[in-house]
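Student: The following block contains a protein sequence and its predicted model.
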Amino acid sequence: MRCMSTEKATFAAGCFWGVEAAFLQVPGVVDAVSGYTGGTSVNSTYREVCSGRTGHAEAVEVTFDPTRVRYEQLLDVFWQIHDPTQVNRQGPDVGSQYRSAIFTHAAAQQAAAVASRERAQASLTKPIATAIEPAAVFYPAEAYHQRYFERHGVACHIAVPK
C-alpha cells in the first residue's frame, strides 16, 4: 500500500466559510481548514481578527494530493470563487481580514501563482488586488467555523460548486 503524499496551499478570498466549502468540492483535496494568517499576532481569535488590528486574513489551508489535483487547478478555483479586483472586501464583508491573497508554500507555488494572476488579469478590466506572498504561520479558526457550510448550509458570498 502506497502512502499518500500531500501538499499545502493557502488562499484568502473573503469569508472563509465559503472558501473552505468550495475547495472541499474539488476532487483531490484531502482537507480544507478555515483559519487566520498573514498577520502579526499569535493565536488570534475570530473577534480579534474581525477588529482589523491583527493583520491576519480569513484564509483556508488546503491539503491536497498532487497526483489527483494540480496546484494550478486550485488556483483556477480561487480565481472563480471571488472577485479579486476588490480591495479589502468581498461582497458585504469589508476589512483587511477579507482581502484577496495567495500564501505560497514553495518557490514553484510562487511562480505558478504569479503566472496565474497574470492570466486572470488578462480577462479583467479592473486591476487585480490579490497579494501573493510567502505562507506564514497558519492558525486554525475556532471549531464552530470549521465545515460551517456543511453544518449550516450558509457559505457567505461564495458560490459553492455543485
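Tutor: Noted; the coordinates are in hand.

Student: OK, contacts around residue 66?
Tutor: 5, 6, 7, 28 (CB atoms under 8 Å, 6 or more residues apart in numbering). For every residue, glycine as well, the C-beta is placed using N, CA and C.

Student: now with 7 Å?
Tutor: residue 7 (CB atoms under 7 Å, 6 or more residues apart in numbering).

Student: Make sure I have this right: residue 73 is in a strand.
Tutor: No: Residue 73: not assigned to a strand; according to DSSP: H, G, I helix; E, B strand; the rest coil it is helix.

Student: Find the nearest non-adjacent residue to it, please.
Tutor: residue 26 (7.3 Å; CB to CB, 6 or more residues apart in numbering).

Student: The one you found touches residue 69, doesn't it?
Tutor: Yes: taking contacts as CB atoms under 7 Å, residue 26 lies within contact range of residue 69: 6.0 Å.

Student: okay, these two: which has more neighbours?
Tutor: residue 69 (20 against 17; other CB atoms under 10 Å).

Student: Who's the closest spatial neighbour of that one, skipping the chain neighbours?
Tutor: residue 28 (2.9 Å).

Student: Quick check: phi and psi at the one you found.
Tutor: phi 100, psi -20 (degrees, to the nearest 10).

Student: How about the contacts made by it?
Tutor: 64, 65, 68, 69.

Student: Now for the last one: which residues touch it?
Tutor: For residue 69, the contacting residues are 26, 27, 28, 29, taking CB under 7 Å, 6+ apart as the criterion.

Student: same thing but at 10 Å, please
Tutor: Shown in contact with residue 69 (CB atoms under 10 Å, 6 or more residues apart in numbering): 7, 9, 23, 26, 27, 28, 29, 30, 62, 77.

Student: how many neighbours does the third one have?
Tutor: Other residues within reach of residue 23 by the criterion other CB under 10 Å amount to 28.

Student: can you dump the C-alpha coordinates of whichever strand or helix holds it into PDB?
Tutor: For residue 23, the element it lies in under DSSP states H and E is helix 16-24. The C-alpha coordinates for helix 16-24 follow below in PDB (Å, rounded to 0.1, in the frame of the first residue of the first chain):
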ATOM      1  CA  PHE A  16     -13.500  31.600   4.900                       C
ATOM      2  CA  TRP A  17     -16.800  29.600   5.200                       C
ATOM      3  CA  GLY A  18     -17.400  29.700   1.500                       C
ATOM      4  CA  VAL A  19     -13.800  29.400   0.500                       C
ATOM      5  CA  GLU A  20     -13.500  26.200   2.600                       C
ATOM      6  CA  ALA A  21     -16.700  24.700   1.200                       C
ATOM      7  CA  ALA A  22     -15.600  25.500  -2.400                       C
ATOM      8  CA  PHE A  23     -12.200  23.800  -2.100                       C
ATOM      9  CA  LEU A  24     -13.700  20.700  -0.300                       C
END
